[in-house]
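In: Pasting a predicted model and its sequence here:
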Amino acid sequence: MARITMREAISKALWEEMERDERVFIMGEEVGVWGGTYAVTKGFYDRFGEKRVRDTPIAEAAIIGGAIGAALTGSRPIAELMTINFAFVAMDHIVNEAAKLHYMFAGQFKLPLVIRAVSGGGRQLGATHSQTPDAIFAHFPGLKVVSPGTPADAKGLLKSAIRSDDPVLFIENATLYQSKGEVPDDLDYLEPIGKSKIQREGDDVTIVAYSKMVPAALEAAKQLADEGIEAEVVDLRSLRPLDMDPVIASFKRTNRAVIAEEGWRSYGVGSEVSARIYELAFDYVDAPVKRVAQAEVPLPYNAKLEQLALPQTEDIYHAVKEVIYG
Amino acid sequence: MAELVTMPKLGFDMAEGTLVRWVKAESDTVEKGEVLAEIETDKATVEVESSYAGVVYRHLASEGTALPVNAPIAIIADKGEEPSDDDIDALLGGAGSQVPEKKTVQEERPSEAEGTQAEEMAEPIEEKATSTTPVGGVRSSPLARRMAEDHGIPLAELDGSGPRGRIVKQDIENYLESIDAESVAEGTEAGGKELQPMTAYTMGEVPEDEVIAMSRLRQAISRRMQDSNQNFPHFYLTRVYKTGALMKLRKELNQLLPDEDKLSVNDFILKATALALRQYPNLNASIEDESHIRRHGHVNIGVAVAVEGGLMTVVCKDADQKPLRLIAREVREMAGRARDRKVKPEDIEGSTFSVSNLGMFGIDEFAAIINPPEAGILAVSAVQNVPAVEDGELVIASRMKATLSADHRVTDGAEAAEFIAVLAEFLEEPMRLLI
């Protein structure tokens, strides 16, 4: 166990899996000689060589299309998208091929593909480079969508994704790369995909979050605890498959829920989770479920406006106060 | 064409009513016969149905205001119609200046067709503070409803602490705690549970005096009973009735009847009283004025029903002519509505004589206050097995006491005593009630 950053945890997961299985290789923009836009693959090119750490043209459709072909023919590619915003260029490959080939060819082909993509705003990259469109990808059956909120989960989930025979979209939040946490050193440390996790226990209210909203929810829970309100924080970790069991179990005790996501509220993760709460635990609802999300505008470039538009710890705090009528 | 809705007259003595709540908000569509609002009268909370179909164009009264009968309370317009000021003035008979300004509902309900992009992007879903509560029920969370069902708690009796009075889990838990406390207290009194040891006894905080508002029902009872007892000369006649035959007959009949039609002792008493009244019209009468008495053609028996915070009298009309089974069913249904505060105006109108029965509480004997303008009321106590002398032998026998309170302005002791003798014939030979 070592206290490292999420960047290091992701880097370790990639490194260990490439050491373990030579079919694993990385392709993407600036991943090789440069070491990755976020320095995640620094040193990989020297260790694994140009065949396993492949720099590509700026052509996302080609990156994903090529990775799918490689996966179909026995390799285990990890395709990196510099930001998830560029996935739109490769949408047809992701949606119509990655998510469907195994199904449409009656299981003759497996697709052991990982697409790593950086999501989220808050770094003044403008409206087109700052989106959190995670929910869009979780809409499609056939694609697993994973997004960790802690360094340990980042390592354990990414290793599971690489070892999975299914296509996995692994979404990283750039503002979490510097976050630190205890991460197991075990080479076979795996976190299961499709299992939500209780990150903090409490009996008064359930906060459901994932990715960047997990630390925000934990911070809000700390502030609430000072006032005697014990919040349970459930980390979804995986948007598809979505594991509602811990959420429902928690909600049946607390009867109140806040769902926090960085993306927009409409048709979002909070919409899905709250709908399922109403479906699965209607008789336990004591107050309307509250969603915390990004303001419904293209994200402003102005730093102050950008922070105002993004959901923050205090938004979660206030939402909790509202649902508990506190 | 816009139509005016006015405060309905829901009883012959209703002068005003309080608009308790609007069921239909402004801009809501309403069908003919749909419930528009709830009105509280002296006697009950009654749902007011719309006589028109259309859209609630404007409320003319806010919740909680008392208004005289026939005062305008709302305007209903055709869908899409915008009545002009002249139209409204015409409707109100020139009272247009008193009409409150129409609220700007656009703020609360952006129309999708008119919505600008800015509106679409605005924070979408917040709980809007509207004035309506859910139709047909109290505002409560699903969890509170389930807990209430599990524990058999009448939600309507609780005050909600959530937004806009929503009953939530905490309210149910508080209620259950108070019930526990009560049952512990009862258990102690009844000797059913162990007494707390004296050492554990501490002088608790003595609550402050509390001044509470009388409900309209309480005020009405207060006013009428004081008026009756102070102003009308009551006299009282008590008799013990032999009820063995009645109890036996009731048992036999109930074996033949489905559950929903089972007869209570009171149903027999209502029928017997009605038949006896038919023979003694002076007791089925009212003072008309200083020189006249009105003998009622109908024999309509009022039945006192205990409700939360008071009592109400539901009326079994023409009870002398109805078979027992029908009396039983009618009274049961009306009493249920009374307890739910949902009586219909006709349930509580037109009684000519009343019966008050405290038998179910084990009362030995009591006298009731006449419900004006009636001339009498029969106060019925519990049927009990008591030692009695029959044919010179001491036996255990079924007996019931009842006390007639009569208005001495209308009738006298001898006449009332004869009435009671006839009543006794019916009750003691109850086959007479079946033919």
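Out: Everything's here; your move. Numbering: from 1, shown residues only, chains lettered A, B, ... in the order given.
In: List phi and psi for the residue in the stretch 301-435 of chain B positioned nearest to chain A.
Out: Here the stretch 301-435 of chain B gets closest to chain A at one residue, residue B:340, 24.1 Å apart by Cβ to the nearest Cβ. No exception for glycine: its C-beta is placed from N, CA and C like everyone else's. Reported as degrees, to the nearest 10, the phi and psi values for residue B:340 are phi -80, psi 0.
In: Residue A:77: what secondary structure?
Out: When classified by DSSP: H, G, I helix; E, B strand; the rest coil, residue A:77 comes out as strand.
In: is it in a bridge, and if so with what?
Out: Counting by DSSP bridges, residue A:77 is bridged to residue A:25.
In: Quick check: chain neighbours aside, which residue is closest to residue 141?
Out: By default, I'm working from chain A. In this structure, residue A:141 finds its nearest non-sequential neighbour in residue A:99, 7.0 Å apart by Cβ to Cβ, 6 or more residues apart in numbering or on different chains.
In: Correction: the question concerned chain B.
Out: Nearest non-adjacent residue to residue B:141, counting by Cβ to Cβ, 6+ apart: residue A:286, 4.4 Å away.
In: I'd say that neighbour and residue B:147 touch.
Out: No. In this structure residue A:286 lies outside contact range of residue B:147 using Cβ atoms under 8 Å: 9.4 Å.
In: what ranges do the helices span in the stretch 51-200 of chain B?
Out: Counting by DSSP state H, counting those that start in this stretch, the stretch 51-200 of chain B has helices at residues B:85-92, B:117-121, B:142-151, B:169-189.
In: now the stretch 1-150 of chain A
Out: Ranges of helices in the stretch 1-150 of chain A, per DSSP H, counting those that start in this stretch, are A:6-20, A:44-48, A:60-72, A:91-92, A:101-104, A:134-138.
In: Mean neighbour count, mean pLDDT and distance to chain B added to these, as JSON lines?
Out: Shown next, in JSON lines, are the helices of the stretch 1-150 of chain A (neighbours: other Cβ atoms under 10 Å in any protein chain shown; pLDDT from 0 to 100; distance: least, Cβ to the nearest Cβ, whole Å):
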{"stretch": "helix A:6-20", "mean neighbour count": "21", "mean pLDDT": "98", "distance to chain B": "31"}
{"stretch": "helix A:44-48", "mean neighbour count": "17", "mean pLDDT": "97", "distance to chain B": "43"}
{"stretch": "helix A:60-72", "mean neighbour count": "21", "mean pLDDT": "97", "distance to chain B": "29"}
{"stretch": "helix A:91-92", "mean neighbour count": "13", "mean pLDDT": "97", "distance to chain B": "24"}
{"stretch": "helix A:101-104", "mean neighbour count": "16", "mean pLDDT": "95", "distance to chain B": "35"}
{"stretch": "helix A:134-138", "mean neighbour count": "23", "mean pLDDT": "97", "distance to chain B": "16"}
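In: Those helices: which one's closest to residue A:158?
Out: Residue A:158 lies closest, by Cβ to Cβ, to one member of the helices of the stretch 1-150 of chain A: helix A:6-20, at 4.0 Å.
In: can you dump the C-alpha coordinates of the closest one into PDB?
Out: Extracted C-alpha coordinates of helix A:6-20, given in PDB (Å, rounded to 0.1, in the frame of the first residue of the first chain):
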ATOM      1  CA  MET A   6      -4.500   9.000  -9.300                       C
ATOM      2  CA  ARG A   7      -2.200   9.800 -12.200                       C
ATOM      3  CA  GLU A   8       0.400   7.400 -10.700                       C
ATOM      4  CA  ALA A   9      -2.300   4.800 -10.000                       C
ATOM      5  CA  ILE A  10      -3.500   4.800 -13.600                       C
ATOM      6  CA  SER A  11       0.100   4.700 -14.900                       C
ATOM      7  CA  LYS A  12       0.900   1.800 -12.600                       C
ATOM      8  CA  ALA A  13      -2.200  -0.100 -13.800                       C
ATOM      9  CA  LEU A  14      -1.200   0.300 -17.400                       C
ATOM     10  CA  TRP A  15       2.400  -0.500 -16.800                       C
ATOM     11  CA  GLU A  16       1.700  -3.600 -14.700                       C
ATOM     12  CA  GLU A  17      -0.800  -4.900 -17.300                       C
ATOM     13  CA  MET A  18       1.600  -4.300 -20.200                       C
ATOM     14  CA  GLU A  19       4.300  -6.200 -18.200                       C
ATOM     15  CA  ARG A  20       1.800  -9.000 -17.500                       C
END
